[in-house]
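In: Give me the fold of what follows.
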Amino acid sequence: MAQILEQSLNILSNWIGIGHGLVLLARAREGWKWSACRGCRGFVACLDLGVPESPVPPQPSYEELLAENAHLRASLTQALAEIEELKARLGMTSKNSSKPPSSEGLAKPAPKSLRGKAKRGPGRPKGQMGFTLSLVDDPDHEQTYEPGVCRGCGAGLDDAAVVGMERRQVFDLPPLRLEVTEHRLISRACSCGMITKAQAPAGVNAPVQYGPRLGGVGVYLFHGQFLSKSRTCQALGDLFGAKIAASTLVSWVQRITAQISAKVIPGIVDRIADSAVAHFDETGFRVAGRLHWMHSASTPTDVLLSVHARRGVKGMDAAGVLPRFTGTAVHDAWAPYDTYTDATHALCNAHALRELIYVIDTASRAVADLAAQGAEAMVAIKDLVDDARAHNTQPDPEQMAEQRHLLRSAFVLGKNATAGRATKLERKYHSLFTRLIDRWADYQRYTTDPAVSFDNNPAEQTIRMPKLRIKVSGCLRTLTGAAQFAAIRSYTATATRHGQNTLDVLIHAANSQPWIPAT
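Out: Modelled structure (predicted):
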């Protein structure tokens, strides 16, 4: 049999199977040895090269197993914490965080409100002034229509008596076209030999140019209705037959901005800085392909918008209001606002409500219940204050005390429940409850000062249109263009709060006579 095996090796020299086992056959100097392979059924040929078998690895000790178990437990705890944080991040919406609704796309969640059913139905509130077309006494044009023949007998009605007249009026635009006004500057020769030419009216600086009304309309479409440069030029052509170049539109923006910045913006800054209550906010604003920040400062009569590369103190200082503001500043909990110690601060409760809703959606049952208690009490206090002010009275002291007790106890218990701060989310919850306790007076300031609002909506409304500008355009190409946009929006928003027509005030600015609020 050894001779047969030797012949097979010379042919194959590879892996072969004998019986139910698999053996590597190779030639050895010592020759072949036969043995039964353990674990194989049947007789197999194995090669003994004289190499000792590998020793069986020693079993780990009890202490090593404990250490490995502890390491695995720590890794599992960390992984679970990361999973919990990622799930909470995926659960962030515009209803429970500062994410804008536009970021949710088609996955926007269903509306969820802490308020109960409204006390009034949809539509215009009873007693509020409505708007409809009415007949005017002096129409621009009149057209009279006579009946031809009698509808009874068919006789002519030329000499019949007039017994009545029905008036119907159609409100429409006249045909739109450019009007050309020629300014003739006469030159006269004096007997002394000197020739004197008449002075041109203000704003007439070239042999051929567009007037301030068309310039005002162009800027209104561009920065008021957020058309692009090309679409603005196209609209002007379609509406008025004016072939406008993009550079002409840019020159109109520059001219109007120069008038506004020199004559209107300084007054807006002064009035806001001297006001008793002002609202402040900031939002991301892409300029020249990079993230910049639009800062907003506003009162019921004035709006100031500015663009800066920094979100914090440097951007706020550049706006020129907060460094000298001594009234009550309403804002969110963004920390740089607190560096202005000359101002009294009132924090936005709507932001706090969204943060509490986030805790309700992501925290454990015990912590979520405390956050829900705090949110419900916060809304209940607001309703008590609103109802009392609507009736020109003071809120019921007992009900206010009860709701404030529920509110504060929810925050204190929530802080204690998250005191371990074992995970990143728990640290976030703990920080929120701590801030709501430490800044209690700032969050409750609206309950004692009627001039302070529950939320910071007035400031957020001022930056809503600039956000729409970015949504339409993607970004503004230059910082200069962004500053011009901010100045024009400050001007038009302020004019709107004074009941002025946006187009009219832009035409005034294009005519070098910008509208200035009466002080």
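In: From Ala377, how far off is Gln399?
Out: To Ala377, Gln399 is 11 Å away according to C-beta to C-beta, to the nearest Å. Any C-beta I mention is one placed from the backbone N, CA and C, and that applies to glycine too.
In: Which one's more surrounded, those two?
Out: Between Gln399 and Ala377, Ala377 has the larger neighbour count (other C-beta atoms under 10 Å), namely 20 against 14.
In: from the middle of its chain, how far away would the host helix or strand of that one be?
Out: Assigned by DSSP states H and E, Ala377 belongs to helix 365-390. When C-alpha coordinates are averaged (C-alpha atoms, centre = their mean, to the nearest Å), helix 365-390 and its chain have centres 25 Å apart.
In: buried sites along that helix?
Out: Residues 367-382, 384-385, 388 are the ones in helix 365-390 that count as buried (16 or more other C-beta atoms under 10 Å).
In: likewise stretch 284-302?
Out: Phe285, Val287, His292, Trp293, Met294, His295, Ser296, Ala297, Ser298, Thr299, Asp302.
In: can you tell me how far the residue lying closest to the fifth one once chain neighbours are set aside sits from Gly312?
Out: Beyond its immediate neighbours in the sequence, the residue positioned closest to Met294 (C-beta to C-beta, 6 or more residues apart in numbering) is Phe285, lying 4.1 Å away. In this structure, Phe285 and Gly312 are 15 Å apart, going by C-beta to C-beta.
In: just to revisit the earlier point, against which helices or strands is the helix or strand harbouring the residue nearest to Met294 packed?
Out: For Phe285, the host element (DSSP H and E) is strand 277-287. Secondary-structure packing of strand 277-287 (3 or more C-beta pairs under 8 Å, 6 or more residues apart in numbering; DSSP states H and E): strand 290-298, helix 313-319, strand 328-331, helix 457-462, helix 464-473, helix 479-497.
In: By mean pLDDT, show me the worst of the ones you listed.
Out: When these are ranked by mean pLDDT, helix 464-473 comes last with a mean of 89.
In: just to revisit the earlier point, so which of the helices and strands packed on strand 277-287 is the most surrounded?
Out: strand 328-331 (a mean of 25; mean count of other C-beta atoms under 10 Å).
In: Might you calculate how far it sits from the centre of the chain?
Out: For strand 328-331, the distance to the chain centre is 19 Å (C-alpha atoms, centre = their mean).
In: Next secondary structure after that strand?
Out: As assigned by DSSP H and E, the chain's next helix or strand after strand 328-331 is strand 344-347.
In: helices or strands up against that following strand?
Out: Counting by 3+ C-beta pairs under 8 Å, 6+ apart, strand 344-347 packs on strand 328-331, helix 440-443.
In: got the contact list for the first one?
Out: When contacts are defined by C-beta atoms under 8 Å, 6 or more residues apart in numbering, strand 328-331 is touched by residues 276-281, 322, 337, 340, 343-348, 445, 449, 451-453, 456, 458-459.
In: Please identify which of the helices and strands packed on strand 344-347 is closest to Val219.
Out: strand 328-331 (30.9 Å; C-beta to C-beta).
In: Just the C-alphas of that closest one, formatted as PDB.
Out: Provided in PDB are the C-alpha atoms of strand 328-331 (Å, rounded to 0.1, in the frame of the first residue of the first chain):
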ATOM      1  CA  THR A 328     -36.500  96.100  27.800                       C
ATOM      2  CA  ALA A 329     -35.000  93.800  25.100                       C
ATOM      3  CA  VAL A 330     -37.200  90.900  24.000                       C
ATOM      4  CA  HIS A 331     -35.200  88.100  22.500                       C
END
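In: Adjacent strands (with direction) for that strand?
Out: Sheet pairing for strand 328-331, assigned by DSSP bridges, gives strand 277-287 (parallel), strand 344-347 (parallel).
In: Tabulate those in JSON lines, adding columns for mean pLDDT and distance to Asp332.
Out: What follows is these, written out as JSON lines (pLDDT from 0 to 100; distance: least, C-beta to C-beta, whole Å):
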{"stretch": "strand 277-287", "mean pLDDT": "95", "distance to Asp332": "7"}
{"stretch": "strand 344-347", "mean pLDDT": "97", "distance to Asp332": "7"}
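In: Adding distance to Leu214, write these out as JSON lines.
Out: JSON lines is the format used below for the strands paired with strand 328-331 (distance: least, C-beta to C-beta, whole Å):
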{"stretch": "strand 277-287", "distance to Leu214": "28"}
{"stretch": "strand 344-347", "distance to Leu214": "45"}
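In: Number of residues surrounding Leu425?
Out: 22.
In: Just to check, it is in contact with Glu84?
Out: Yes: using C-beta atoms under 8 Å, Leu425 is in contact with Glu84, at 6.0 Å.
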